[in-house]
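K.L.:
Just a sequence and a predicted model for now, questions to come.
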Amino acid sequence: MVNFFFSTLNFLLKIFVVLAVLLGVLAAYQIYFKTPAEMIAGVTRVDKMRAEPDTYENRTVEIEGIVTSSYGIFSVGVFSVRDEDGEKTIDIVTTSGVPVVMEAGKETKVKRTGLFRQTITLNKQQYPFVFVQAN
């Protein structure tokens, strides 16, 4: 009877280990091999995101540009970024501080990664073309 108990326990332990390994492999696949639908590779231009918002909706993108305005209160802030040679801007919502617009007479350049949203609603007000910065 005792031998049967230990052999059953040993069998269940082996199944548990196999399932844990399979779960680990699946998690690693999700983390390291993201599909193009989840992550857009390289820096994406602001004017391109505004021209084709459906392409970037709910996808992680990286943008680079010049800060045109910034404001914040407590731990939440919003700043606008435009391409170096463009005019259209996108607002970036962040919880990790906002950059200054100009420092020592020079424009502030930033590079951020985050989630693109066509619109976001805050306090019953809708804001178009928002980029939520990843922390």
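P.N.:
Looks like it arrived, so ask away.

K.L.:
Distance of residue 132 relative to residue 61?
P.N.:
Residue 132 is 11 Å from residue 61, where distance means Cβ to Cβ, to the nearest Å. Quick note: C-beta positions are derived from backbone N, CA and C, even for glycine.

K.L.:
Common neighbours of these two, please.
P.N.:
Residues touching both residue 132 and residue 61 (Cβ atoms under 8 Å, 6 or more residues apart in numbering) are 114-115.

K.L.:
Just want to know which of the two has more residues nearby.
P.N.:
residue 61 (20 against 17; other Cβ atoms under 10 Å).

K.L.:
and the gap between the more buried one and residue 123?
P.N.:
For residue 61, the distance to residue 123 equals 26 Å [Cβ to Cβ].

K.L.:
ditto for residue 99
P.N.:
Here residue 99 is placed at a distance of 24 Å from residue 123 (Cβ to Cβ).

K.L.:
And residue 82, by the same measure?
P.N.:
From residue 82 across to residue 123, the span is 26 Å (Cβ to Cβ).
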